[in-house]
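**Student:** 3D model of this:
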Amino acid sequence: MPDWTYHPLRGMAAGILGRRRSQRTALRLLASIGSRPAGARMIAGGFARRHPPEGLAGEIAGVPVAVRLGISVPPALAREAVRALPPLGAGVVEVAPVSAADVETVLDAAAGRSVPLMVGACDPAAEVALKPHVDGFTGSDDPRVVHVSDPSVTAAAAVLQEPGAVVLARPGVLVAAGPGWFQRVAEAATPTAPAPVLRDVGCDPRRWPVWWWALLVGLGMTGAGLGAAAITLGPVLLWYDRDYLGMTLHDLHGANHHLVHFLQHDRITMAGTMVAIGALYTGLAVGGIRRGWPWAREVYLLSGAIGFPTLFYFLATGFVEPLHTATALVLFPMFVAAVRRTPHTPRWRLAPEGPEPERRRALAGQLLLIVTGAGLFVGGAVISVVGLTGVFVPTDLAFLGTSTQTLETVNPRLVPFIAHDRAGFGGALMAAAVAITLLSAWGWRRGEAWVFWTLATAAAAGFLPAVVVHGAIHYTDFVHLAPVYFGIAMTGTGLLLARPYLCAKAAPWPKD
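**Tutor:** Numbers count the residues shown, from 1 in each chain. A predicted model of the protein is given here:
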């Protein structure tokens, strides 16, 4: 349960189940998933949690820990905490206070641990029974172990800056701040360096950094989308289109006076989606990969892994578009160069904590953007399937005033030609949707203005051409356009809610 569902939905869950029961239910659900290796990896991946920096490693009571950040829970919560919280970023779990009556409970918790389990404030009998089964014991007099009840990320990160200090949160911290607290503290405590600038790139392509290759792909996609729009608004058909169809633009208009407009509406929508992908890739390159965010490279990789293979839709449609193929062949090697390795040096600069109500509103906006991205992915998949099978939806045929059989009678290559455009748009929409969903899920941090502007630019490029072209050709069926209107409303609302949070000023770099 990430913060973007925990905070926006916990009021509803508390109203249905009760506050305490809803909290325990969420913890048990995470524990059930996190107790399995695949489930733990899924949770860690969903939170964009990566290996913590070496500087946060240390020890507690002589026991090595990968990150000096964990939680202190009573015995009643030990079993769920040991299974649920390590995938979220807890490097150690302390159970305290423990008496002889709690020995069986602690033993049950210790059996499933993946991080060190410490026992605190233990009576002698319990210590003897537990010593062979837990990793160590903590005492209340250890000044290096700091228990925090304040959910302040800044305060916890400041403690971690002290050599050897260990931060153990009370359960109320996660209740107030959300499950993403560990990740937020670890990022705030991570030492970072300034991000590279354009003059650091150099002229030798063999030494170009991965973010520069990623930027070139983004700019290439943007240029290809603008070029496709220019062709659609100009000649519409290129020489290879006319050769494949054996028809001119005048012939198409004669066959059906809505057909040219229909082709234009498909291609303008596709061009807008290409520009949106270009905006997303450009933002991920400059704002994410360049600044050392490991998740940015993964967003880029997953989106491209869906987008580039859609070139092979021609195997189903039978029409190979030379310009589309050439663009893919030019951009794909750059894409491979962009994702060939994960950025390791953290170069981000986070903004200081702001008002909690601001963050809560931003989390609601984040949820709206993620839901929108998921909806776009489903829509892209449906459009791909339709394009590769039936090609038209009922509103398309109503606009054209004809049937698929009639178009096939006019020219047997006409439907496969349209199918190529339709299926290609579906594939591009899925690639854009993956980038939107994961950027929204993993990139939501205070002061990351590039996330806001990347998503806003992609939304404008994707939604506005679709609305304008449908209005221009008078294809205004409400059912057909309802998903577009809904997406605009969701995206606009989400970005408005998140703008003060995402666009807050980041902390300045210290002067030498």
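
**Student:** what's the span of stretch 82-99, first residue to last?
**Tutor:** Stretch 82-99 has its terminal residues 19 Å apart, counting by Cα to Cα, to the nearest Å.

**Student:** and it, how far from the chain's centre?
**Tutor:** 27 Å (Cα atoms, centre = their mean, to the nearest Å).

**Student:** residues of the top helix by length along the chain that come out buried?
**Tutor:** Longest helix in the chain, counting residues (DSSP state H): helix 356-388. Residues of helix 356-388 classed as buried: 358-377, 379-381, 383-384, 386-388 (neighbour count, 16 or more other Cβ atoms under 10 Å). Just so you know, the C-beta spots here come from the backbone N, C-alpha and C atoms, and that holds for glycine as well.

**Student:** helices and strands around it, which ones?
**Tutor:** helix 3-17, helix 314-317, helix 414-442, helix 478-502 (3 or more Cβ pairs under 8 Å, 6 or more residues apart in numbering; DSSP states H and E).

**Student:** which helix or strand lies directly C-terminal to that helix?
**Tutor:** As assigned by DSSP states H and E, the chain's next helix or strand after helix 356-388 is helix 394-400.

**Student:** can I get the CA coordinates of that next one in CSV?
**Tutor:** Extracted C-alpha coordinates of helix 394-400, given in CSV (Å, rounded to 0.1, in the frame of the first residue of the first chain):
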residue,chain,number,x,y,z
PRO,A,394,-19.4,1.1,-34.5
THR,A,395,-19.0,4.9,-34.1
ASP,A,396,-16.3,4.8,-36.9
LEU,A,397,-18.6,3.2,-39.3
ALA,A,398,-21.4,5.5,-38.3
PHE,A,399,-19.2,8.5,-39.1
LEU,A,400,-18.1,7.0,-42.4
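
**Student:** in that helix, what counts as buried?
**Tutor:** Using 16+ other Cβ under 10 Å as the test for burial, helix 394-400 gives 396, 399-400.

**Student:** and the next element down the chain from it?
**Tutor:** Remark: after helix 394-400, the chain's next helix or strand is helix 404-410, criterion DSSP H and E.

**Student:** and that following helix, how far from the chain's centre?
**Tutor:** With Cα atoms, centre = their mean as the basis, helix 404-410 stands 43 Å off its chain's centre.

**Student:** again, but for stretch 303-320
**Tutor:** 23 Å.

**Student:** same check, this time on stretch 399-419
**Tutor:** Distance of stretch 399-419 from the chain centroid (Cα atoms, centre = their mean) equals 39 Å.

**Student:** sorry, back to before: most packed of the helices and strands packed on helix 356-388?
**Tutor:** helix 414-442 (a mean of 24; mean count of other Cβ atoms under 10 Å).

**Student:** same for that one, what does it pack against?
**Tutor:** helix 239-245, helix 259-283, helix 294-307, helix 314-317, helix 356-388, helix 404-410, helix 449-472.

**Student:** closest to residue 57 out of those helices?
**Tutor:** Closest approach to residue 57 among the helices and strands packed on helix 414-442 (Cβ to Cβ): helix 294-307, 17.7 Å.

**Student:** between that closest one and helix 356-388, how many degrees?
**Tutor:** In terms of direction (axes from the mean of the first three to the mean of the last three Cα atoms, to 10 degrees), helix 294-307 departs from helix 356-388 by 20 degrees.

**Student:** ok so, going back, what's the least confident stretch among the helices and strands packed on helix 356-388?
**Tutor:** Lowest mean pLDDT within those: helix 314-317, a mean of 77.

**Student:** which residues touch that one?
**Tutor:** Applying Cβ atoms under 8 Å, 6 or more residues apart in numbering, the external contacts of helix 314-317 come out as 320-321, 387-388, 416-417, 419-420, 423.

**Student:** sorry, back to before: export the buried residues of helix 394-400 to CSV and tack on pLDDT and distance to residue 193?
**Tutor:** Formatted as CSV, the buried residues of helix 394-400 follow (pLDDT from 0 to 100; distance: Cβ to Cβ, whole Å):
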residue, pLDDT, distance to residue 193
396, 93, 53
399, 93, 56
400, 93, 58
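
**Student:** OK, contacts around the residue lying closest to residue 377 once chain neighbours are set aside?
**Tutor:** Counting by Cβ to Cβ, 6 or more residues apart in numbering, residue 377 lies nearest to residue 433, which is 3.7 Å off, once chain neighbours are set aside. For residue 433, the contact set (Cβ under 8 Å, 6+ apart) comprises 373-377, 379-380.

**Student:** of the helices and strands packed on helix 414-442, which is nearest residue 441?
**Tutor:** helix 356-388 (5.5 Å).

**Student:** give me the angle between the closest one and helix 3-17.
**Tutor:** Angle, helix 356-388 to helix 3-17, by the same axes, to 10 degrees: 100 degrees.

**Student:** before we move on, back to that, what distance separates the longest helix of the chain from the centre of its chain?
**Tutor:** Taking the mean of its C-alpha atoms, helix 356-388 sits 10 Å from the chain's own mean (Cα atoms, centre = their mean).

**Student:** what angle sits between it and helix 478-502?
**Tutor:** Going by the same axes, to 10 degrees, helix 356-388 makes 150 degrees with helix 478-502.

**Student:** the stretch 101-250 of the chain: strands as residue ranges?
**Tutor:** 117-120, 136-138, 145-148, 166-169 (DSSP state E, counting those that start in this stretch).

**Student:** who are the packing partners of the third one?
**Tutor:** Spelled out, it's strand 145-148. helix 153-160, strand 166-169.

**Student:** mean confidence for that strand?
**Tutor:** For strand 145-148, the mean confidence score works out to 92.

**Student:** tell me the strands beside that strand, with direction?
**Tutor:** strand 166-169 (parallel) (DSSP bridges).

**Student:** contacts for the partner strand, please.
**Tutor:** Against strand 166-169 from outside (Cβ under 8 Å, 6+ apart): 58, 60, 65, 68-72, 92, 94, 144-149, 156, 159-160, 181, 185.

**Student:** let's see it at 6 Å
**Tutor:** With contact meaning Cβ atoms under 6 Å, 6 or more residues apart in numbering, strand 166-169 is reached by 60, 68-72, 94, 144-148, 156, 159-160.

**Student:** before we move on, the earlier item: what angle separates the longest helix of the chain from helix 259-283?
**Tutor:** Angle of helix 356-388 versus helix 259-283, following the same axes, to 10 degrees, is 140 degrees.

**Student:** residue ranges of the helices in the stretch 1-150 of the chain, please?
**Tutor:** Along the stretch 1-150 of the chain, the stretches classed as helices by DSSP state H, counting those that start in this stretch are 3-17, 19-34, 37-46, 75-84, 103-110, 124-130.

**Student:** quick one: pLDDT of residue 1?
**Tutor:** 66.

**Student:** before we move on, back to that, mind putting the helices of the stretch 1-150 of the chain into a markdown table with distance to residue 116?
**Tutor:** Formatted as a markdown table, those follow (distance: least, Cβ to Cβ, whole Å):
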| stretch | distance to residue 116 |
| --- | --- |
| helix 3-17 | 26 |
| helix 19-34 | 16 |
| helix 37-46 | 16 |
| helix 75-84 | 10 |
| helix 103-110 | 10 |
| helix 124-130 | 13 |
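
**Student:** now for these, which one comes closest to residue 298?
**Tutor:** Of all those, helix 37-46 sits nearest to residue 298, with 8.5 Å by Cβ to Cβ.
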